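>>> next come a sequence and a model predicted from it.
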Amino acid sequence: MKIVIFDEADYQWAQEVHARYSDLPLYLQPGNPEVEPDIPVDLHALTDRLGWLTAKAMADGWFAPRILPRLHVLIWGNKRGV
């Protein structure tokens with residue numbers, strides 16, 4: 001199961017969902033708030049969000065999820081149809 005995390009509320013919800021479906025593998029990815037095709041992705045902000053998500057899970061001792069970047073956003077940004 002993949003859950004995209006934008007904020008603390010998403011993170012808490014992911015923990016609740018994982019508690020209900022703990023037998024499923026869990027993948028967390030930081031959300032990209034910029035979705036307009038003409039707006040470039042702020043890669044620095046995106047990697048900061050990845051760092052925040054990783055640090056948050058580690059501080060909470062929550063080692064069940066795999067935390068991954070959103071590779072398609074890193075590679076293609078906000079392009080549609082790729």
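Sure, I can see it.

>>> which regions of the protein lie under the pLDDT threshold?
Within the chain, not a single segment meets pLDDT under 70.

>>> just so I have it, where are all the strands in it?
Along the chain, the stretches classed as strands by DSSP state E are 2-5, 27-30, 66-67.

>>> most tightly surrounded among these?
strand 27-30 (a mean of 20; mean count of other C-beta atoms under 10 Å). Bear in mind the C-beta positions are built from the backbone N, C-alpha and C, glycine included.

>>> and that strand, how far out from the chain's middle?
3 Å (C-alpha atoms, centre = their mean, to the nearest Å).

>>> same question for stretch 18-26.
16 Å.

>>> ok, and what's touching it?
The contact list for stretch 18-26, computed with C-beta atoms under 8 Å, 6 or more residues apart in numbering, reads 1, 3, 14, 64-66.

>>> recalculate using a threshold of 7 Å.
1, 64-65 (C-beta atoms under 7 Å, 6 or more residues apart in numbering).

>>> filter the residues you listed down to the buried ones, PyMOL style.
PyMOL command restricting the contacts of stretch 18-26 to the buried ones, with burial defined by 16 or more other C-beta atoms under 10 Å:
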select buried, resi 65
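
>>> adding distance to His18, write the contacts of stretch 18-26 out as JSON lines.
Listed next are those as JSON lines, based on distance: C-beta to C-beta, whole Å:
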{"residue": "Met1", "distance to His18": "8"}
{"residue": "Ala64", "distance to His18": "6"}
{"residue": "Pro65", "distance to His18": "7"}
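
>>> what's in contact with the longest helix seen in the chain?
With secondary structure taken from DSSP state H, the chain has its longest helix at helix 43-59. Contacts of helix 43-59 with the rest of the structure, by C-beta under 7 Å, 6+ apart, involve 5, 11, 28, 30, 32, 65, 67, 69, 73-74.
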